[in-house]
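I need the structure of the sequence given here:
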Amino acid sequence: MADVLEELSGSAARLYKSIEEVIIKEGVLEDDPIIWEIHILGATLKIEAEKLEHQGVFRTQYLRKFRMPAPRVKTEEWHSIIELLATEKASVQEELEESEKVNAARQVFEEICRLPVSEDKEVALSKGNLFEHDGCLCVASSKVSEIMQKNGIKIGVQAISGALVDLGLKEKGSEKIACGKARGRAWHFIRTYVWAQKGQEEVVKESDCKEAEKCL
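Coordinates of the predicted model:
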């Protein structure tokens, strides 16, 4: 990349050289924001990767931090600077602070794990308890919505579901389940993680419903 650096104008080269290092912070989930921590002149600017395509956010943060405008560079030179930083001065780290979505998903999971486990699916579906089904511990989707509303979680149900899947705590989607007079959609959670959260050893039962033949 030496040839790219040599092609930069004086102001662009000075801006690049004033940046000591870049730490790229990646989140837990694939769609979590990726943050570039740009260490420049003893200060740190934090900018989402998508906002580095243009230099506006960088210039705003630079002005706020140093109380003077950043060196002005042409658009094509800005792209060259970002390319140089990514290849020559950047390292990648996992973000230690979890995103709002991950925090909300973990909160929902913890609340679900506090629910009692019922051996009767019909009772569980009607009362919003956990129950065993297809090798998972499940809970009615309506109960999940109730938990989210109770805890003031504004992130959408589908986003929380996707986050729990990405965290390895839940199976994809929801399934229609009917047992006796109770019926509805249910979320399927990985049973070993639910029991671990409950602080109990997993108990294997021969049947999780006395009238299993009625439960579809």
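
low-confidence ranges in the chain?
1-2, 200-216 (pLDDT under 70).

how does it divide into domains?
2-94, 100-199 (automatic domain parsing).

how far does the first one sit from the chain's center?
Relative to the centre of its chain, domain 2-94 is centred 24 Å away, using CA atoms, centre = their mean, to the nearest Å.

in which helix or strand would I find residue 109?
Assessed by DSSP states H and E, residue 109 sits inside helix 100-113.

circling back: deepest of the domains of the chain, which one?
domain 100-199 (a mean of 17; mean count of other CB atoms under 10 Å). Every C-beta, even on glycine, is put in place using the N, C-alpha and C of the backbone.

what's the span of that one, first residue to last?
25 Å (CA to CA, to the nearest Å).

work out the gap between that domain and the centre of the chain.
18 Å.

all helices of this protein, in order?
2-7, 10-18, 56-66, 75-84, 100-113, 121-127, 141-150, 157-166, 191-198 (DSSP state H).

closest to residue 48 out of those?
Set against residue 48 and scored by CB to CB, the helices of the chain come closest in helix 56-66, at 7.9 Å.

show residues contacting the closest one.
Identification of contacts with helix 56-66 by CB atoms under 8 Å, 6 or more residues apart in numbering yields 38, 40-41, 43, 45-48, 51-52, 69-70.

on that earlier part again, just put the helices of the chain in a markdown table and tack on distance to residue 26.
As requested, these are exported to a markdown table (distance: least, CB to CB, whole Å):
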| stretch | distance to residue 26 |
| --- | --- |
| helix 2-7 | 25 |
| helix 10-18 | 23 |
| helix 56-66 | 19 |
| helix 75-84 | 17 |
| helix 100-113 | 12 |
| helix 121-127 | 38 |
| helix 141-150 | 26 |
| helix 157-166 | 13 |
| helix 191-198 | 23 |
